[in-house]
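Undergrad: When you get a sec, could you give me coordinates for this:
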Amino acid sequence: MKRILIVTGQSGSGKSSALQVLEDLGYYCIDNLPLALLPEIVEKLDKENNLEQLALGVDVRSTRADLQEFDHVFQVLQRHGSVDVIYLTTRDQELIARFSASRRPHPLSVRYQSLNECIQEEKTLLLPIQFRATVHIDTTDKSVHDLKDTLLSKLGQSDKLILILQSFGYKHGIPLDADFVFDVRHLPNPHWDLELRKFSGLDEPIQKFLQSSDQANEMYQDIYSFLNKWLPAFAEGHRHYITVSIGCTGGQHRSVYIVDRLQKALQAEWSVQVLHREMKHWS
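TA: Residues are numbered from 1 along each chain as shown. Have a look, this model is predicted:
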């Protein structure tokens, strides 16, 4: 995993909005996780899903003990990639106005009578995370659009289209989140060669096998030509991301090879993310 973002801050300061922005930017987002579970979940996602960008929403509903142990959690997460903490804050009076307008209770309202007490106690509880924050954003006077622009700037990301390339196996089901699905089950199948079966489409033996196939080369070229022609139009239409899924029978050889080849051809011009959905099933 290349990048992990922990999104936290005062309740009412825009954490949910920030996660929605990050999801549009291609991050895999999970909200309201207890801190103690983060290392186990991140390790599982890293092993089984080959994610490159992960955003985790954390708030004061974690136990006091867990919040105080944040440094340990942070160090464990660093084993899986670069970790940044985004801390959102808002002036007290604005927070009070927001809670009054929404009529939603503060997460600490079961323990404190006044909203101001809740706000002050939350600041104290979140201090261990705030000290680790690499990105601080004051959302007092920011709209959702302002927050998006600030996140793009602070994270060093442009607002360009993100192309998500996903390999999958039909025997495990067609992805429900795909914008385009290409079926490559008609290509020569390395699975039937016992010497090749143990490899994946990322390995040289499979790549050489499929590069020698006219069908595989033609299929790749047709998909590449389609994407190369139409991605600019999708970008002009203000799409945040396009998910292209390539499927073979098991999701280990042919689809993985095509995805890898497309990534290498398109990454110079586009922001490309790759997900090999069936990696956990590879022999």
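
Undergrad: mind listing what the residue lying closest to residue 164 once chain neighbours are set aside touches?
TA: Once flanking residues are discounted, residue 164 sits nearest to residue 243: 4.4 Å by C-beta to C-beta, 6 or more residues apart in numbering. To be clear about C-beta, it is placed using only N, CA and C from the backbone, and glycine gets the same treatment. Residue 243 sits next to 164, 166, 175, 177, 178, 179, 180 when contact means C-beta atoms under 8 Å, 6 or more residues apart in numbering.

Undergrad: Strands along the stretch 101-250 of the chain, start to end?
TA: Under the criterion DSSP state E, counting those that start in this stretch, the stretch 101-250 of the chain contains strands at 135-138, 162-169, 180-183, 241-248.

Undergrad: right, and these - which one's nearest residue 107?
TA: Of all these, strand 135-138 sits nearest to residue 107, with 19.9 Å by C-beta to C-beta.

Undergrad: outside of the closest one, which residues touch it?
TA: With C-beta under 8 Å, 6+ apart as the criterion, strand 135-138 contacts 9, 18, 84-91, 147, 150-151, 154-155.

Undergrad: Now, those residues that are in helices?
TA: 18, 147, 150, 151, 154 (DSSP state H).

Undergrad: Which members of these are classed as buried?
TA: Buried members of those, counted by 16 or more other C-beta atoms under 10 Å: 18, 147, 150, 151.

Undergrad: so how far is residue 179 from the third one?
TA: What that stands for is residue 150. 28 Å (C-beta to C-beta, to the nearest Å).

Undergrad: again, but for the first one
TA: The gap separating residue 18 from residue 179 is 24 Å, by C-beta to C-beta.

Undergrad: what do you get for the last one?
TA: From residue 151 across to residue 179, the span is 24 Å (C-beta to C-beta).

Undergrad: quick one: residue 57 and residue 17 touch, right?
TA: No - assessed by C-beta atoms under 8 Å, residue 57 is found out of contact with residue 17, at 10.9 Å.

Undergrad: Of those two, which one has the most company?
TA: Each of residue 57 and residue 17 has its neighbours counted (other C-beta atoms under 10 Å); residue 57 has more, 20 against 17.

Undergrad: and for the longest helix that the chain contains, what are the contacting residues?
TA: The longest helix of the chain (DSSP H) is helix 214-236. For helix 214-236, contacts defined as C-beta under 8 Å, 6+ apart pick out 160-161, 163, 182, 184, 186-188, 210-211, 242, 244, 246, 254, 257-258, 261-262, 265-266, 270.
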